[in-house]
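Asks: quick one, fold the following:
(2 chains)
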Amino acid sequence: MNLSEVVQLVSFGVLTLLMLGAALGVVLSPSVVYSAFLLGLTFSSMAGLYLLLNADFVAAAQILVYVGAVNVLILFGVMLVNKRQDYQRETGLLLRQLLTAVVCFGLFALLGTVTVITPWQLAEGVTQVDSSVIALAKHLFSDYLLPFEVASVLLLMAMIGAIVLARRDLLMEDPETGMPAETDLALPERPRETVVGE
Amino acid sequence: MELNYFLLVAAALFCIGIYGLVTSRNAIRVLMSIELMLNAVNLNLMAFSNFLDPDGIRGQVFSVFVITIAAAEAAVGLAIVLAIYRNRDTVDMEQFNLLKW
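Replies: Here you go, the predicted structure:
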């Protein structure tokens, strides 16, 4: 990064405000669709922070994977289970939220204290790196080759698992009459035992 | 720019994620909170990579792996939410008690 210190500080402040505000919106917004879009804003400002940290490849991967794939996936999930329902009242919900807020503030205080009082061994001298891609590729294909391959196998497993979990068993003919179904859009679903809520 | 700033921002994001994880009643919002926490961890790794290990940038390698795992986790998590939604006809976390005593 060849930006001056002031520019870096200002963009860090703006990106941090955007990111924390959007993250609070994700958690607190009443509509889950707004949450999903604010999640995209959080991911994008996170990519900006990565750029400030001299990580151009990971910033691009963040935009591609998180904003392009994960966020779209979550939006599809929101659309597929878009059910307007009023949640049943539960007792002690407010107490739970209050307790959680206290615990989160405590955790933040703990983490902040540890961050401030730990003497980090900062690297001396500024090494100007043009692009992190070459260094990253050297790591990925030499000393981190096995984790890289394992990650690809894991992605394959996750893909198959997601398909198996979300698949619906469709019957090509009507179970009662034995006649073929008329349109593919109205294929009858194989009956599965549903658990009726108490 | 200092290391502490980034670590504090990451800590704040992680705490927001935990709050959302515990208090949300919509299952999809729980998944979003998990993504927020994974992002906070990523920011930590990136900050350490830039300030403590600028030559090796091993933190960036690890955050690439974390991004991979997060994508896989989002796909499987959404598939589970869809399956439960078909089964129970709700996305309310309070009513997902199949494995709860």
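
Asks: show me the helices in chain B, by range?
Replies: Assigned by DSSP state H, chain B shows helices spanning B:3-23, B:27-51, B:58-88.

Asks: and among the ones you listed, the most buried is which?
Replies: helix B:27-51 (a mean of 23; mean count of other Cβ atoms under 10 Å in any protein chain shown). Every residue, glycine included, has its C-beta placed from N, CA and C.

Asks: what's that one packed up against?
Replies: helix A:5-28, helix A:32-52, helix A:71-80, helix B:3-23, helix B:58-88 (3 or more Cβ pairs under 8 Å, 6 or more residues apart in numbering or on different chains; DSSP states H and E).

Asks: try 6 Å
Replies: The contact analysis (3 or more Cβ pairs under 6 Å, 6 or more residues apart in numbering or on different chains; DSSP states H and E) places helix B:27-51 against helix A:32-52, helix B:3-23, helix B:58-88.

Asks: rewinding a little: quick one: which of the helices of chain B is nearest residue A:50?
Replies: Shortest separation from residue A:50 across the helices of chain B is recorded for helix B:27-51, at 5.8 Å, computed as Cβ to Cβ.

Asks: let me know the average pLDDT across the closest one.
Replies: Taken as a whole, helix B:27-51 carries a mean pLDDT of 93.

Asks: who's in contact with that helix?
Replies: A:23, A:26, A:32, A:35, A:39, A:46, A:50, A:53-55, A:77-78, A:122, B:3, B:6, B:10, B:13-14, B:17, B:20-21, B:24, B:57, B:59-60, B:62-63, B:66, B:70, B:77, B:81, B:91, B:93 (Cβ atoms under 6 Å, 6 or more residues apart in numbering or on different chains).

Asks: what's the answer for stretch A:93-110, then?
Replies: B:11, B:15, B:18-19, B:22-23.

Asks: lowest confidence element among the helices and strands of chain B?
Replies: Least confident helix or strand, chain B: helix B:58-88 with a mean of 90, by mean pLDDT, DSSP states H and E.

Asks: does that helix reach chain A?
Replies: Yes: Helix B:58-88 reaches chain A (Cβ under 6 Å from any Cβ of the partner chain) through B:60-61, B:63, B:65, B:67-68, B:71-72, B:74-76, B:78-80, B:82-83, B:85, B:87.

Asks: which residue of the chain lies farthest from its centroid?
Replies: Because you didn't say which chain, this covers chain A. Note on chain A: the largest C-alpha distance from the chain mean falls to residue A:177, namely 45.8 Å (Cα atoms, centre = their mean).

Asks: do you know how far it is from residue A:57?
Replies: 58 Å (Cβ to Cβ, to the nearest Å).

Asks: before we move on, what about residue B:27?
Replies: Distance from residue B:27 to residue A:57, by Cβ to Cβ: 33 Å.

Asks: same deal with residue A:113?
Replies: 33 Å.

Asks: who has more neighbours, these two?
Replies: residue A:57 (18 against 11; other Cβ atoms under 10 Å in any protein chain shown).

Asks: per-residue confidence for the more buried one?
Replies: Per-residue pLDDT puts residue A:57 at 92.

Asks: same check on the one 4 residues further on?
Replies: Reading off the confidence values, residue A:61 has pLDDT 92.

Asks: where does residue B:53 fall, phi/psi-wise?
Replies: phi -140, psi 60 (degrees, to the nearest 10).

Asks: roughly how far does it sit from chain A?
Replies: 7 Å (Cβ to the nearest Cβ, to the nearest Å).
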